[in-house]
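> The sequence isn't on hand, but the structure is:
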């Protein structure tokens, strides 16, 4: 069951998160140019830095998912319990998600509020 769930999380990331990662900066720059905003705006520069920050945590998180899937599939194939390393990887995976999600929320705030600094 864990192999199925882990695979579905990876599929969801590939279908939803990866396209957003690719399209967000492209459409963001396009929208900024369309609105006449330059990169000198502090909130826009901070949003780009937060994008890199969030990605720095998301990328290893995604790689951990792949390792977790391999462990879960191996356990499922042999009918054995998940190895203890799976729980450790799951904890690291969860902790990596917090700063990544916080970065995404901060970007959303900056895009809506456009604070002047």
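Structure received. Here the structure is a predicted model, which is why all the values come from computation and not from measurement.
> hey, which helix is longest across this protein?
When the chain is parsed with DSSP state H, its longest helix is helix 42-78.
> helices or strands up against whichever helix or strand comes after that helix?
As assigned by DSSP states H and E, the chain's next helix or strand after helix 42-78 is helix 84-113. Using 3 or more Cβ pairs under 8 Å, 6 or more residues apart in numbering; DSSP states H and E, the elements in contact with helix 84-113 are helix 42-78. All C-beta spots, glycine's among them, are computed from the backbone N, C-alpha and C.
> Give the buried residues for stretch 69-80.
69, 71, 72, 75 (16 or more other Cβ atoms under 10 Å).
> Out of those residues, which is nearest to residue 106?
Distance to residue 106, by Cβ to Cβ, is smallest for residue 69 among these, at 29.8 Å.
> and stretch 26-42, how far out from the chain's middle?
Distance of stretch 26-42 from its chain centroid, counting by Cα atoms, centre = their mean, to the nearest Å, is 23 Å.
> buried residues in that stretch?
Within stretch 26-42, the residues scored as buried using 16+ other Cβ under 10 Å are 28, 32, 41.
> Residues in contact with the lowest-mean-pLDDT helix or strand in the chain: which ones?
One helix or strand of the chain scores below all others by mean pLDDT, DSSP states H and E: helix 18-35, with a mean of 91. Outside helix 18-35, the residues within contact range by Cβ atoms under 8 Å, 6 or more residues apart in numbering are 38, 39, 44, 47, 48, 51, 55, 58.
> Throw the buried residues of stretch 26-42 into a markdown table and include distance to residue 6, thanks.
Below are the buried residues of stretch 26-42 laid out as a markdown table (distance: Cβ to Cβ, whole Å):
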| residue | distance to residue 6 |
| --- | --- |
| 28 | 31 |
| 32 | 37 |
| 41 | 40 |
